[in-house]
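J.: following is a predicted model, sequence given first.
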Amino acid sequence: MGKIESITFFYPSTIVGGAEFLFIRLAENICQRFNVRIYYVDFEDGFARKTLRNNHKISFIDFFRFKRHYIPANTLVVTPLSSIIDLLKFDKCEGDFKVLFWSIHPFALNNVMKHYLNGKLNKIIFTEDLNEFIALGGIKFMDGPNYSIQRNIFQFSGEPSYLPIPVRIAEKSNAYRTSANIRITWLGRLSEDKIFALLNVLNHANTFASTSSRSVYVNIIGEGEAANLLLMESYPNLNIVRHGSLISTELYEVLTNDTDVLFAMGTSALEGGALAIPTVLVDMSYSEIPDSNRFRWLYETIDFSLADEYTPEQSDRHLFDQLMNEVSLRHDIHATRCHTYVSTYHSMDAVGSSLMDALEKTDLTISRLKKSSFSQFGKLNLLSVVKSYIIFLCKKF
């Protein structure tokens, strides 16, 4: 591996979510294992800045929503693919630098570009640029759906190169305590792409509980903009506990002491597997998921997928009632299989080393980005500032 002088993690966010933890933990891992300077672009009150405030090996670059910024010359920037426009607003760069985009949500770039095009997305105008970005080693996909869904949207043809998302691996514990009840936990933001998966799980659980001799408890961990769709009175057969957003010790306590089976997607699913909790993947959807859907265990995934887009073709998956019976009869088997899968493919050290290798090989530069079709949306002007500020205020209040 060649000499990398510095890496800049570009992911400003005030949200507590799986993607935020992803970037934070990778920044920590790399600064501990490699002799390289780490910068992190975040808001003054950003979640990463608060979490890493005692890590003096990481230097923060302030992100302001409505002004230009500097990024150090000769650094290597890693950022979500959906942050391409925010990155282009760094017009006052001290020099050219290389960029690695990490696609960690299959619809995020599409949603961003629809916003800038007022909902009228001409996807073809980005096809040639995305093909070249891939050829330059400038885009990594976290899993199969991130590649295939966006290939269908933007019609690019470059071959995928995967960088799975990592998680800290805990030693498999024997501390699991059985219970007379069934304890289901949901872990994930209550966002527009996830809320219908949660409602679907609750519908299944409510029906199952209506004929079960055991009481069914459901922990819901997470908050989000779609939380208003969660109507507790719709599930009279369930004992539901809403915990809001939990981190660190509080999260660990619920997962390890009060969970028989976890339903989740993305990084949240890996958290369950890393703790040797039987973990079931849920599908993403922006609309209601019918109760005819089926599920799969985390260890049954393909191409590192941590959330597929919902489709009715699911004959090779498991019915909800089958999952509940499996958890009761073979809990430890599924716990071990989930833990083994995460340890094999998603360990922090393995992914951190792969990220370093990808950063060394990318030939995509900020100067090339500024010549792309995306650059027209990265220019700050009075109208765009006013429009963005109004949208920011509407979301805030």
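T.: Arrived safely. Numbering: from 1, shown residues only.
J.: only C-alpha atoms from now on, for both contacts and neighbour counts.
T.: Fine.
J.: what mean pLDDT does the helix or strand harbouring His115 have?
T.: Secondary structure assignment for His115, by DSSP states H and E: helix 108-116. The average pLDDT within helix 108-116 is 88.
J.: which strands and helices lie in contact with the helix or strand following it?
T.: Next helix or strand after helix 108-116 toward the C-terminus (DSSP H and E): helix 127-135. Packing partners of helix 127-135 (3 or more C-alpha pairs under 8 Å, 6 or more residues apart in numbering; DSSP states H and E): none among the helices and strands.
J.: related to what we said a few turns ago, what helices or strands is the helix holding His115 leaning on?
T.: Against helix 108-116 (3+ C-alpha pairs under 8 Å, 6+ apart) you get no helix or strand.
J.: export it as CSV, just CAs?
T.: Extracted C-alpha coordinates of helix 108-116, given in CSV (Å, rounded to 0.1, in the frame of the first residue of the first chain):
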residue,chain,number,x,y,z
ALA,A,108,-30.5,8.3,-1.8
LEU,A,109,-28.8,9.7,-5.0
ASN,A,110,-32.1,9.5,-6.9
ASN,A,111,-33.9,11.4,-4.1
VAL,A,112,-31.2,14.1,-4.0
MET,A,113,-31.2,14.7,-7.7
LYS,A,114,-35.1,14.7,-7.9
HIS,A,115,-34.9,17.5,-5.3
TYR,A,116,-32.6,19.6,-7.4
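J.: give me the buried positions along that helix.
T.: 108-110, 112-113, 116 (16 or more other C-alpha atoms under 10 Å).
J.: can you give me the helices for the stretch 51-200 of the chain?
T.: Using DSSP state H, counting those that start in this stretch, the helices of the stretch 51-200 of the chain run over residues 84-88, 108-116, 127-135, 144-154, 195-209.
J.: can you redo these as a markdown table with distance to Ser6?
T.: A markdown table is the format used below for the helices of the stretch 51-200 of the chain (distance: least, C-alpha to C-alpha, whole Å):
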| stretch | distance to Ser6 |
| --- | --- |
| helix 84-88 | 17 |
| helix 108-116 | 26 |
| helix 127-135 | 21 |
| helix 144-154 | 27 |
| helix 195-209 | 38 |
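J.: closest to Lys361 out of those helices?
T.: Judged by C-alpha to C-alpha, the one of those that comes nearest to Lys361 is helix 127-135, at 11.1 Å.
J.: which residues does the closest residue to Glu271 other than its chain neighbours contact?
T.: Once flanking residues are discounted, Glu271 sits nearest to Val167: 6.6 Å by C-alpha to C-alpha, 6 or more residues apart in numbering. Listed by C-alpha atoms under 8 Å, 6 or more residues apart in numbering, the contact set of Val167 reads 22, 25, 267, 270-271, 274, 342, 346-348.
J.: just those now: which is nearest Gly158?
T.: Using C-alpha to C-alpha, these come closest to Gly158 at His346, 24.2 Å.
J.: that closest one - nearest residue in space that isn't next to it in sequence?
T.: In space, His346 comes closest to Pro166 once its chain neighbours are excluded; the distance is 4.5 Å by C-alpha to C-alpha, 6+ apart.
J.: the one you found: what's it in contact with?
T.: 22, 26, 267, 270, 346-348, 351-352.
J.: let's see that with 7 Å instead.
T.: Residues near Pro166 by C-alpha atoms under 7 Å, 6 or more residues apart in numbering: 22, 346-348, 351.
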